[in-house]
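[1] sequence first, then the predicted structure:
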There are 2 protein chains.
Amino acid sequence: MNGKVWTAALVVIGDEILSGRTQDKNIAQVASWLNVQGIRLREVRVVADVAEAIGDAVKAMLAADDYVFTTGGIGPTHDDITVDSIAAAFGVGVEIHPEARATLERYYETRGGITDARLRMARVPAGSDLIVNKMSGAPGIRRGNLFIMAGVPHITAGMLDALTGTLEGGRPLVSVTIGGFVPESEVADLLGATEKAHEGISIGSYPFFKEGQVGANFVVRSEDLELAEACAKELAGALEEKGYSIINGGL
Amino acid sequence: MNGKVWTAALVVIGDEILSGRTQDKNIAQVASWLNVQGIRLREVRVVADVAEAIGDAVKAMLAADDYVFTTGGIGPTHDDITVDSIAAAFGVGVEIHPEARATLERYYETRGGITDARLRMARVPAGSDLIVNKMSGAPGIRRGNLFIMAGVPHITAGMLDALTGTLEGGRPLVSVTIGGFVPESEVADLLGATEKAHEGISIGSYPFFKEGQVGANFVVRSEDLELAEACAKELAGALEEKGYSIINGGL
């Protein structure tokens, strides 16, 4: 309704997520951050620490989206293969970025000095720029519309922070949530009809089980906050008419 | 090293994950469960509530893996489009499964009775079997090597439980974790050399920041627990020789 919708994809690189050992936290934080930038996260792929898997996912997503982000695999150890995998997928070399080298040399000056392993974190696919990392020495990497970020969530957060406001986007998607102890199967028709009656609105229904009762939150999404608020108010009224107690903000 | 490695993919269906509103919990629990069954989670895709996105992801993963699981989008409301999307991708019809209908009728007998919306949860792609759901009335769906599960984590867990021991797999991947306040960049060469020296072993290095210090956990993975334990012990010894305190189980 308002011109171009900007989209992004996220490639999460990590055996530790696929093994179930680590609970991913980057999907939610990248998604929330993108939304504020007016960019929709269209798809996420979690792939193993395997060069072809990383390269294929990044290339497929670059063909489909305005921006592609990766998290993970840019540290100093043998299992950090993101940079090499992406360079290979692009058919370009890997080079030491002089500014990254200078940053790392400064960072490690009081921490035992630079080493070959630490210098690995200055390696970038040829033709890349850096993303500032205030948290630790090693920068993230930007190559065109591809953003290569760290996997440790608080470092990822710092890199996202450095990128805030620098990417072109559209209008953020806003949402208004209402909810209550409403079995969604009792109000399915009402939800569908309400969505249908409001152009530019989508309604998500998310059931839960709390305090021994089933209920649901209903999330009304739109690019237009007033539209979303009006629709949520109408839906809440209709649900209350059916005898349910509805809480703004959801349960 | 021990014959066929069985692999699986997971397709997480949900605008609520892509919007950042909901923190996914199914990736980790499906991954952990698969691992116990001797099946490796090879890839995860999180896709939007869009029929083509769901169908394309499921078909691509079925071509690549022994098993494909989906979570989300099988409830009674208008935004639950998983069954229709998958049936369309397969070019088959959607039918009411008689056993699912009977289960739902029983479940809702004391909960206001069956309705058209509730009956939506008995719809399956033609040629499907059911996955028992002890938590609520609506069953999951099995169609060949495709498993269509609920998105609410405790219901997903119940469906996984119902499938435990029913899928053919290989040897589970086991892991031994050690860790400490070890900057991974100081021991990168040792980690790489240790992995290289042990066939059938992979070592992951996962840095963290705790109590104001950097450190890392090192996860030694293998199909052979004895092998993993021996390698972890050797690595711990080498790290202690360098002056680090190492904790079994990791920090």
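    The structure has been received and is ready for your questions.
[2] please save the CA atoms from the longest helix along chain A in PDB.
    The longest helix of chain A (DSSP state H) is helix A:225-241. What follows is helix A:225-241, C-alpha atoms only, in PDB (Å, rounded to 0.1, in the frame of the first residue of the first chain):
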ATOM      1  CA  LEU A 225      -0.900   2.300  13.500                       C
ATOM      2  CA  GLU A 226      -4.300   4.100  13.600                       C
ATOM      3  CA  LEU A 227      -5.700   1.400  11.300                       C
ATOM      4  CA  ALA A 228      -4.300  -1.400  13.500                       C
ATOM      5  CA  GLU A 229      -5.700   0.300  16.700                       C
ATOM      6  CA  ALA A 230      -9.100   0.800  15.200                       C
ATOM      7  CA  CYS A 231      -9.300  -2.800  14.100                       C
ATOM      8  CA  ALA A 232      -8.000  -4.100  17.400                       C
ATOM      9  CA  LYS A 233     -10.700  -2.000  19.200                       C
ATOM     10  CA  GLU A 234     -13.400  -3.400  17.000                       C
ATOM     11  CA  LEU A 235     -12.200  -6.900  17.500                       C
ATOM     12  CA  ALA A 236     -12.000  -6.500  21.300                       C
ATOM     13  CA  GLY A 237     -15.600  -5.100  21.300                       C
ATOM     14  CA  ALA A 238     -16.900  -8.000  19.300                       C
ATOM     15  CA  LEU A 239     -15.100 -10.500  21.600                       C
ATOM     16  CA  GLU A 240     -16.500  -8.800  24.700                       C
ATOM     17  CA  GLU A 241     -20.000  -8.900  23.100                       C
END
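[3] is the following helix or strand past it anywhere near chain B?
    For helix A:225-241, the following helix or strand on the C-terminal side (DSSP states H and E) is strand A:247-248. No - judged by CB under 8 Å from any CB of the partner chain, strand A:247-248 and chain B are separated, with a smallest distance of 15.8 Å. From N, CA and C alone the C-beta is placed, and that goes for glycine too.
[4] can you tell me the strand partners of strand A:247-248 and which way each runs?
    Partners of strand A:247-248 in the sheet, by DSSP bridges, are strand A:174-180 (antiparallel).
[5] follow-up on the earlier one: quickly check: the longest helix of chain A near chain B or not.
    No - shown here: helix A:225-241 not in contact with chain B (CB under 8 Å from any CB), separated by at least 12.5 Å.
[6] other SSEs contacting that helix?
    Helix A:225-241 is packed against strand A:174-180, helix A:188-197, strand A:213-222, with contacts defined by 3 or more CB pairs under 8 Å, 6 or more residues apart in numbering or on different chains; DSSP states H and E.
[7] so that helix versus helix A:188-197, what angle?
    150 degrees (axes from the mean of the first three to the mean of the last three CA atoms, to 10 degrees).
[8] give me the mean pLDDT for helix A:225-241.
    Per-residue pLDDT over helix A:225-241 has a mean of 97.
[9] buried residues in that helix?
    A:227-228, A:230-232, A:235-236, A:238-239 (16 or more other CB atoms under 10 Å in any protein chain shown).
[10] ranking the helices and strands packed on helix A:225-241 by burial, who's on top?
    strand A:213-222 (a mean of 22; mean count of other CB atoms under 10 Å in any protein chain shown).
[11] wait, does it contact chain B?
    Yes - using CB under 8 Å from any CB, strand A:213-222 reaches chain B at A:214, A:219, A:221.
[12] residues touching the closest residue to the second one other than its chain neighbours, list them.
    This means A:V219. Nearest residue to A:V219, sequence neighbours excluded (CB to CB, 6 or more residues apart in numbering or on different chains): A:G204, at 4.3 Å. Taking CB atoms under 8 Å, 6 or more residues apart in numbering or on different chains as the criterion, A:G204 is in contact with A:218-219, A:221, B:15-16, B:49, B:79.
[13] tell me the mean pLDDT for the host helix or strand of A:G204?
    Per DSSP H and E, A:G204 falls inside strand A:202-210. For strand A:202-210, mean pLDDT rounds to 92.
[14] how far does it sit from the chain's center?
    21 Å (CA atoms, centre = their mean, to the nearest Å).
[15] only C-alpha atoms, please: export it in CSV.
    In CSV, the C-alpha atoms belonging to strand A:202-210 read as follows (Å, rounded to 0.1, in the frame of the first residue of the first chain):
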residue,chain,number,x,y,z
SER,A,202,-3.4,-9.0,9.1
ILE,A,203,-4.5,-10.7,12.3
GLY,A,204,-2.4,-13.5,13.9
SER,A,205,-3.9,-15.8,16.5
TYR,A,206,-1.5,-17.3,19.1
PRO,A,207,-3.0,-19.8,21.5
PHE,A,208,-1.6,-20.3,25.0
PHE,A,209,-2.3,-22.4,28.1
LYS,A,210,-2.0,-20.5,31.4
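[16] tell me which residues of that strand come out buried.
    Going by neighbour count (16+ other CB under 10 Å), the buried part of strand A:202-210 is A:202-208.
[17] residues near A:K134, how many?
    Other residues within reach of A:K134 by the criterion other CB atoms under 10 Å in any protein chain shown amount to 9.
[18] can you tell me how far the closest residue to it other than its chain neighbours is from A:P139?
    What sits nearest to A:K134 in space, not counting adjacent residues and going by CB to CB, 6+ apart, is A:G158, at 5.2 Å. Relative to A:P139, A:G158 is positioned 10 Å away (CB to CB, to the nearest Å).
[19] these two: who's more crowded?
    A direct count of neighbours by other CB under 10 Å for A:G158 and A:P139 places A:P139 higher, at 26 against 19.
[20] that one and A:S128 touch, don't they?
    No - here A:P139 does not reach A:S128: they are 9.9 Å apart, not a contact under CB atoms under 8 Å.
[21] for B:A60, state which of the residues of strand A:213-222 next to chain B is nearest.
    Ranked by distance to B:A60 (CB to CB), the residues of strand A:213-222 next to chain B are led by A:R221 at 27.2 Å.
[22] OK, contacts around the closest one?
    Residues near A:R221 by CB under 8 Å, 6+ apart: A:173-175, A:201-204, A:228, B:15, B:19.
[23] contact partners for A:G140?
    Residues near A:G140 by CB under 8 Å, 6+ apart: A:74, A:130-133, A:147-150, A:159, A:162.
[24] apply 6 Å and report the result again.
    Taking CB atoms under 6 Å, 6 or more residues apart in numbering or on different chains, we find A:G140 in contact with A:131, A:133, A:148-149, A:159.
[25] now A:Y107
    The contact partners of A:Y107, by CB under 6 Å, 6+ apart, come to A:G137.
[26] the nearest residue to A:P183 once chain neighbours are set aside bridge partners, please.
    Residue nearest to A:P183 in three dimensions, not counting chain neighbours: A:V214, with 5.1 Å by CB to CB, 6+ apart. Beta-bridge pairing for A:V214 (DSSP bridges): A:F209.
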